[in-house]
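Chemist: got a predicted structure here, sequence first:
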Amino acid sequence: MEHSAASTESGLYWLKIESLRNLRRIELELDSPVLVVTGANGSGKTTFLESIYLLVRGRSFRGSKAGPLTTHGAIQTCLEALYRPADRLPLRIRYRKDPTGSIHEIHPPLGPGERPLFQVKLIGENTQSLVEGEPSLRRRFLDWNLLYAKPRLIQLHQDFNRVLMQRNAALRAGRGQERLWDLVFIELAEAMDRQRARFHAEWQAEFQRLSAAYPFLQGVELCYERGWPEGRELSETLKAVADQERLRGYTLVGPARADCRVRSAHGGFSRGQAKAVVVLLQLAAERVHQAHGCPPALWLLDDLEAELDSALASRLWMDIQATGGQVIATRVGQEGGLGIFAQGKALSLVRLTQAQQSG
Ligand SMILES: Nc1ncnc2c1ncn2[C@@H]1O[C@H](COP(=O)(O)OP(=O)(O)OP(=O)(O)O)[C@@H](O)[C@H]1O
């Protein structure tokens with residue numbers, strides 16, 4: 001079945017969901033820049049967002065605790081969407097999962113090393129863990145944003161990870177062979193650090209600009225820690241930790257130990273404030289991406305208003321709209337009230353009801 005693009009802006013304009021968790025079958029045209037999905041608890045709002053995330057990234061944002069993706073009693077999950085880029089013909093995206101595995105395909109396919117079509121930015125449950133959680137979460141977030149802006153650096157990251165694995169294997173073997181990897185390890189580590197530091201400086205500058213409108217962010221800054229002490233050569237640091245590394249059997253310093261913390265002069269953040277900080281980190285990265293020529297991201301907002309006071313939620317919503325990206329947002333409620341989403345761009349509303357759900 002062919003579908004006509006309903007507006008001239010880039011974005012997803014048609015979506016079909018079959019047998020994803022409690023959503024049995026949904027097919028719809030997305031004909032406005034903002035789609036608000038409402039429904040009672042458990043009606044499938046997060047699952048609706050999950051379908052789009054699966055289509056864009058080929059994997060879910062929910063862990064295995066959420067149980068099987070495919071609707072109980074169904075054989076397979078099939079998701080499909082049509083996406084109109086700004087500068088070329090529409091693309092068909094498919095995700096299919098059955099007991100033998102999953103397939104994720106884009107037609108026509110992207111060229112090798114080509115940047116993904118767009119980024120999908122999820123603001124959902126546990127968003128705060130990015131601020132409060134392990135450094136590895138922030139490191140992955142930094143690299144995800146850096147590599148999207150500069151896809152040619154993917155090779156550098158792959159080379160570094162390969163050398164790190166070899167160096168760790170040599171440390172575990174305990175025959176002193178790790179020194180053979182040091183030269184190439186240092187060269188790749190320094191190159192990665194330079195790229196991360198450059199991206200981080202742009203990110204921090206945009207974060208500061210955005211923060212001016214949020215009084216609770218006075219004195220808050222993003223700090224990049226490269227993974228070995230400032231003012232010290234990596235080679236020196238490796239020598240200093242050599243005995244410890246042999247004892248532990250893995251590399252203790254370098255880019256795999258980097259972090260990008262959000263530091264507050266007043267101590268920590270409340271849950272709502274931490275959530276707002278993460279939205280602003282996403283917004284700041286989005287501004288850097290657009291400055292590098294990337295298309296606007298697609299925002300998936302899962303109950304954005306939860307934990308935020310209405311002034312803060314409205315302010316964030318204005319900043320998200322200003323990015324020019326497509327938005328799919330959820331709201332709890334059977335009445336279909338629009339809350340903060342009533343302010344701003346034209347929107348469509350989908351109310352999830354029993355009709356779309358598996359019984
Ligand atoms: N494989 C499955 N088959 C059928 N139903 C499932 C399956 N996996 C999960 N579910 C159900 O689907 C529903 C999915 O809920 P989801 O989290 O998407 O709802 P929600 O509208 O976002 O809820 P809330 O407002 O509480 O966040 C849950 O009731 C869950 O029990």
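Modeler: Yep, that arrived.

Chemist: return the distance of Ser314 relative to the ligand.
Modeler: Using C-beta to the nearest ligand atom, to the nearest Å, Ser314 is found at 21 Å from the ligand. Backbone N, C-alpha and C define where each C-beta goes, glycine included.

Chemist: again but with Ser43, I slipped
Modeler: Distance from Ser43 to the ligand, by C-beta to the nearest ligand atom: 4 Å.

Chemist: mind pulling up the pLDDT for the residue of the stretch 201-350 of the chain found nearest the ligand?
Modeler: Going by C-beta to the nearest ligand atom, the ligand is nearest to Val332 of the stretch 201-350 of the chain, at 4.9 Å. What the model reports as pLDDT for Val332 is 91.

Chemist: dig out what it forms beta bridges with.
Modeler: Val332 forms beta bridges with Gly39, as assigned by DSSP bridges.

Chemist: who's in contact with it?
Modeler: Residues in contact with Val332 (C-beta atoms under 8 Å, 6 or more residues apart in numbering) are 38-41, 45, 303.

Chemist: in a markdown table: the residues you listed, plus pLDDT, distance to Pro112 and neighbour count.
Modeler: Listed next are the contacts of Val332 as a markdown table, based on pLDDT from 0 to 100; distance: C-beta to C-beta, whole Å; neighbours: other C-beta atoms under 10 Å:
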| residue | pLDDT | distance to Pro112 | neighbour count |
| --- | --- | --- | --- |
| Thr38 | 93 | 41 | 22 |
| Gly39 | 91 | 41 | 21 |
| Ala40 | 91 | 45 | 14 |
| Asn41 | 92 | 44 | 8 |
| Lys45 | 95 | 37 | 24 |
| Asp303 | 95 | 38 | 18 |
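
Chemist: could you work out the most separated pair of these?
Modeler: Ala40 and Asp303 (12.7 Å; C-beta to C-beta).

Chemist: list the buried residues for the longest helix along the chain?
Modeler: Across the chain, the longest stretch assigned as helix under DSSP state H is helix 179-211. Of all the residues in helix 179-211, those buried under the rule 16 or more other C-beta atoms under 10 Å are 181-182, 185-186, 188-193, 195-196, 199-200, 202-204, 206-207, 210-211.

Chemist: list the helices and strands that helix packs on?
Modeler: Judged by 3 or more C-beta pairs under 8 Å, 6 or more residues apart in numbering; DSSP states H and E, the packing partners of helix 179-211 are helix 135-149, helix 154-173, strand 220-225, helix 234-240, helix 271-291.

Chemist: need the winner for burial among those.
Modeler: helix 271-291 (a mean of 21; mean count of other C-beta atoms under 10 Å).

Chemist: quick check: mean pLDDT of stretch 122-135?
Modeler: For stretch 122-135, the per-residue pLDDT averages 91.

Chemist: show me what counts as buried in that stretch.
Modeler: Buried residues in stretch 122-135, counted by 16+ other C-beta under 10 Å: 122-124, 127-128, 130-131.

Chemist: would you turn these into TSV with distance to Pro108?
Modeler: What follows is the buried residues of stretch 122-135, written out as TSV (distance: C-beta to C-beta, whole Å):
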residue	distance to Pro108
Leu122	26
Ile123	31
Gly124	31
Thr127	34
Gln128	39
Leu130	34
Val131	39
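
Chemist: just those residues: which are in strands?
Modeler: Among the buried residues of stretch 122-135, the ones falling in strands (DSSP state E) are 122-123.

Chemist: redo the buried residues of stretch 122-135 as JSON lines? Include distance to the ligand.
Modeler: Below are these laid out as JSON lines (distance: C-beta to the nearest ligand atom, whole Å):
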{"residue": "Leu122", "distance to the ligand": "13"}
{"residue": "Ile123", "distance to the ligand": "13"}
{"residue": "Gly124", "distance to the ligand": "9"}
{"residue": "Thr127", "distance to the ligand": "14"}
{"residue": "Gln128", "distance to the ligand": "16"}
{"residue": "Leu130", "distance to the ligand": "20"}
{"residue": "Val131", "distance to the ligand": "22"}
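
Chemist: which residues of the protein lie near the ligand?
Modeler: 21-22, 39, 41-47, 67-68, 70-72, 332, 358 (C-beta under 6 Å from any ligand atom).
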